[in-house]
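Colleague: Provide a 3D model corresponding to the input given below.
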Amino acid sequence: MMKSKGDEDEYWNSSKFKAFTFDDEDDEFSKLKESKQAVNSIRRLVEEDDDEDDVEKVSWSGEPVGSISWSVKETATSSQRTDREPAFPKINTNTPSMPKSNSGYSLSSLFKGKKGGSYQAFTESFSDSSVRMYAPELRKPKSEYKDYISDWSPEETVQRMQQGKTVSLEKFRSLQDKLLLLDYAVSAYDGNVITAILIYLKRTLCKEVLFRELESRQTALRHFINYLMETRDQRLLLELHRALGRTEDVALLQYKEHLSIADENKRRDFLKSCLSLPFSPEDSTHIQDHYTLLERQIIIEATDREAERGGKVEIFQKFPRKASILNMPLITTLYYCCFYHYNESEGTFSSPANVRQTFRISDKQYFVTALAARAKLKAWFDVDALFTSKNWLGFTRKKSPLSFQRVVDILHKNSAPTQVLQEYVGLVDNAELRISLAQKHKCHDIVINTYRDLKDRQLLLEYRGKVERGSAEERKINELLNNQQIRWKN
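Modeller: You can find the predicted model right below:
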């Protein structure tokens, strides 16, 4: 049924549906404008709110930004997008596109709480394959913050000290905790940790308590004594030994103080005062000898200094002294006396025989020292007298507490002539060693006589080619080779 024009106008005007007009303010385009104005109003609120932490940020999935699930999803999504395709599908260029907004803020920047950036920049950043998104750093477990809150047990503290980590011992205030620290350190067999804890205990405990507890912990006690010795804390070390009843150690500590006394007379008096200290029998003998030796050195030094200045003693003019005898060892003192006072009577302090008897020097030690001193002076008569001994029948023979090989070495180092060396090379028992020493020191007579005794004609002929032609040694070899009475082996 056909409607009239009036009816049609009434229909359209009374219907809830309205015809499309470009001038209508209630159309969809006007609603888009209202959405844009709403976004801009939110933008001003965000700009005015400086405290962004009070605003909970929401991701596209509706989960709080920064949560663990958000971080995992965002990381997974970004890696998938960069590997496959951009975040948004490409728009067909043939179809008309919506006009771009002039706003500098996009929904993504708004929801993430960022200022600046556009929708285009947002899509370009996701489409760029070189850009990767990482999850924000998560809060560390609470156990890792123990480094700062220092709630470690004594055992854990010792373990961390072994690993070289910084710890604080100040939190251990009770005696029980401090002793637990020490016991765990000893059980760990770590000397550095033991020493570090002992230093803390030394600072925080009174001496009486510390000494008492160390007495039952011998390993820690040894470390503590060594620490005090290294730091030269003699006072505390002396108090420790006294508290532990170590009288001998106390005496030795007092005796060591003589090393710091420079004046020889004051040092002698100090050593004399040490004789009454409670040393062991062996140490007491050592202290007595030390005091006697220094007292004798003071007397010898004063006498020899005057003799050297006077210029009347020949040996001091020929061999001037190079150093003082004061505070020298016992063997050095004996060498000095054998060098400058060898022929003095036994009643004088500087006599080598007196020194030998007073300090109970062994025969071998005295022989070696006297041999070196007299060989240095080229006093070969005195050297020969050292080896001469008489048996019960009155016969003399050469005897030495040293091997004659060692005697030859000492004489050779002091530039002994061949005639002297030859006499002692001939006293070597082993034939091969005797020949070797004789060839080394060019003692030809020893070699020739040894080959003669061995009746070895070939070795004698070979050795004749090593001596000088026309020499006495060559003539002697020829005489032996022409001797018809010798029955040669070859």
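Colleague: tell me if I'm right that Glu211 and Gly245 touch.
Modeller: To be clear, residue 211 is Phe; Glu isn't right here. No. The pair Phe211 and Gly245 does not pass the contact test of CB atoms under 8 Å, sitting 10.8 Å apart. (C-beta placed from N, C-alpha, C; glycine too.)
Colleague: the two: who's more crowded?
Modeller: Using other CB atoms under 10 Å as the criterion, Phe211 and Gly245 rank with Phe211 on top: 19 against 9.
Colleague: neighbours of Thr231, how many?
Modeller: Using other CB under 10 Å, Thr231 has 11 other residues around it.
Colleague: what comes up buried for stretch 376-395?
Modeller: For stretch 376-395, burial by neighbour count (16 or more other CB atoms under 10 Å) applies to Lys376, Leu377, Ala379, Trp380, Asp382, Val383, Leu386, Phe387.
Colleague: next one: phi and psi at the closest residue to the first one other than its chain neighbours?
Modeller: By that I understand Lys376. With CB to CB, 6 or more residues apart in numbering as the measure, Asn414 is the residue that lies nearest to Lys376, at 5.5 Å, once sequence neighbours are left out. For Asn414, the backbone dihedrals (degrees, to the nearest 10) come out as phi -100, psi 20.
Colleague: quick one, what contacts Asn414?
Modeller: Applying CB atoms under 8 Å, 6 or more residues apart in numbering to Asn414 gives the contacts Ala372, Ala375, Lys376, Lys378.
Colleague: that one and Ile446: what is the separation?
Modeller: Computed as CB to CB, to the nearest Å, the Asn414 to Ile446 distance reads 20 Å.
Colleague: do Asn478 as well
Modeller: 18 Å.
Colleague: confirm that Ile300 sits in a helix.
Modeller: Yes. Ile300 forms part of a helix when assessed by DSSP: H, G, I helix; E, B strand; the rest coil.
Colleague: apart from its chain neighbours, what residue comes closest to it?
Modeller: Ser350 (4.9 Å).
Colleague: count of neighbours near the one you found?
Modeller: Residues within reach of Ser350, counting by other CB under 10 Å, total 20.
Colleague: what do you get for Cys337?
Modeller: 26.
Colleague: one step back: could you export the contacts of Asn414 to a markdown table, including columns for secondary structure?
Modeller: Listed next are those as a markdown table, based on three-state DSSP:
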| residue | secondary structure |
| --- | --- |
| Ala372 | helix |
| Ala375 | helix |
| Lys376 | helix |
| Lys378 | coil |
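Colleague: include distance to Phe224 and pLDDT when you put these into JSON lines, please.
Modeller: Formatted as JSON lines, the contacts of Asn414 follow (distance: CB to CB, whole Å; pLDDT from 0 to 100):
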{"residue": "Ala372", "distance to Phe224": "46", "pLDDT": "94"}
{"residue": "Ala375", "distance to Phe224": "52", "pLDDT": "94"}
{"residue": "Lys376", "distance to Phe224": "49", "pLDDT": "93"}
{"residue": "Lys378", "distance to Phe224": "57", "pLDDT": "92"}
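Colleague: out of the residues you listed, which comes closest to Ser324?
Modeller: Of all the contacts of Asn414, Ser324 sits closest to Lys376, with 19.0 Å by CB to CB.
Colleague: give me the distance between that closest one and His241.
Modeller: Counting by CB to CB - Lys376 and His241 are separated by 46 Å.
Colleague: how about Ser216?
Modeller: Counting by CB to CB - Ser216 and His241 are separated by 16 Å.
Colleague: quick one: which of these two has more around it?
Modeller: The neighbour comparison of Ser216 against His241 (other CB under 10 Å) goes to His241, with 19 against 8.
Colleague: I figured that one hits Leu253, correct?
Modeller: Yes. Using CB under 8 Å, His241 is in contact with Leu253, at 6.7 Å.
Colleague: how many neighbours does Gln162 have?
Modeller: For Gln162, the count of nearby residues is 15 (other CB under 10 Å).
Colleague: can you tell me the helix or strand for the closest residue to Tyr366 other than its chain neighbours?
Modeller: Nearest residue to Tyr366 in three dimensions, chain neighbours excluded: Arg356, at 5.1 Å (CB to CB, 6+ apart). Take DSSP states H and E as the rule and Arg356 turns out to sit in helix 352-358.
Colleague: list the helices and strands that helix packs on?
Modeller: Taking 3 or more CB pairs under 8 Å, 6 or more residues apart in numbering; DSSP states H and E as contact, the helices and strands that helix 352-358 lies on are helix 281-310, helix 330-340, helix 363-376.
Colleague: contacts for the last one?
Modeller: Contacting residues not belonging to helix 363-376 are listed as 331, 334-335, 338-339, 342, 352, 356, 382-383, 386, 400-402, 407, 410-411, 414, 416 [CB under 8 Å, 6+ apart].
Colleague: which ChimeraX command selects the buried ones in those residues?
Modeller: A single ChimeraX command selects the buried members of the contacts of helix 363-376 (16+ other CB under 10 Å):
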select :334,335,338,339,342,352,356,382,383,386,400,407,410,411,414,416
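Colleague: which of Asn478 and Ile446 has more residues huddled nearby?
Modeller: More neighbours surround Ile446 than the other of Asn478 and Ile446, with 21 against 12 (other CB under 10 Å).
Colleague: list the contacts for the nearest residue to that one once chain neighbours are set aside?
Modeller: Nearest non-adjacent residue to Ile446, counting by CB to CB, 6+ apart: Ala438, 3.7 Å away. Neighbouring residues of Ala438 by CB under 8 Å, 6+ apart: Gln422, Val425, His444, Ile446, Val447, Thr450.
Colleague: thank you, goodbye.
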